[in-house]
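# fold the following, please.
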Amino acid sequence: MQIMIYVFKTSVDSQTKFESASALLNQLLPESQWNFDLEDCDNILRVDSELNVTELLQNNTLFDCIELE
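Below you'll find the predicted structure:
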């Protein structure tokens, strides 16, 4: 299967939110690579995954997540 790159604007803007989001992402996406850029104004989350993670991440209850095109 092919690895896709997904980029999201998020509401993760603090260390506390980052820690909560990290725990969720590790649980939901154990086989995927991901990282946050909290210095970016959109608090970017980048995910490299074989799964289609868009719906999964946009429906989480810990942080807002909007896919960028």
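
# setting aside sequence neighbours, what's the nearest residue to the residue nearest the centre of the chain?
Note on the chain: the residue nearest the mean C-alpha position is L45, at 4.4 Å, using Cα atoms, centre = their mean. Distance criterion Cβ to Cβ, 6 or more residues apart in numbering; nearest residue to L45, sequence neighbours excluded, is F8 at 4.4 Å. Bear in mind the C-beta positions are built from the backbone N, C-alpha and C, glycine included.

# which element is the one you found on?
F8 belongs to strand 4-10 when elements are defined using DSSP states H and E.

# does the residue nearest to the centre of the chain touch W34 like I think?
Yes. Using Cβ atoms under 8 Å, L45 is in contact with W34, at 6.5 Å.

# which helix or strand in the protein has the lowest average pLDDT?
Each helix and strand of the chain was given a mean pLDDT (mean pLDDT, DSSP states H and E); the minimum falls on helix 54-58 at a mean of 94.

# any idea which helix is longest in this protein?
helix 15-28 (DSSP state H).

# so what touches that helix?
10-12, 32, 34, 36, 38, 45, 47, 53, 56-57, 60, 62-63 (Cβ atoms under 8 Å, 6 or more residues apart in numbering).

# follow-up on the earlier one: each with direction, which strands does the next helix or strand along the chain from the least confident helix or strand of the chain pair with?
As assigned by DSSP H and E, the chain's next helix or strand after helix 54-58 is strand 65-67. Next to strand 65-67 in the sheet, as set by DSSP bridges, lie strand 4-10 (antiparallel).

# from the chain's centre, how far out does the partner strand sit?
Here strand 4-10 is found 6 Å from its chain centre; the criterion is Cα atoms, centre = their mean, to the nearest Å.

# stretch 36-45 now?
Between the centre of stretch 36-45 and the centre of its chain there are 10 Å (Cα atoms, centre = their mean).

# give me the contact list for that stretch.
Contacts for stretch 36-45 (Cβ under 8 Å, 6+ apart): 7-13, 18, 21, 34-35, 46, 57, 65, 68.

# mind listing what's buried along that stretch?
By neighbour count on 16 or more other Cβ atoms under 10 Å, the buried set for stretch 36-45 is F36, N43, I44, L45.
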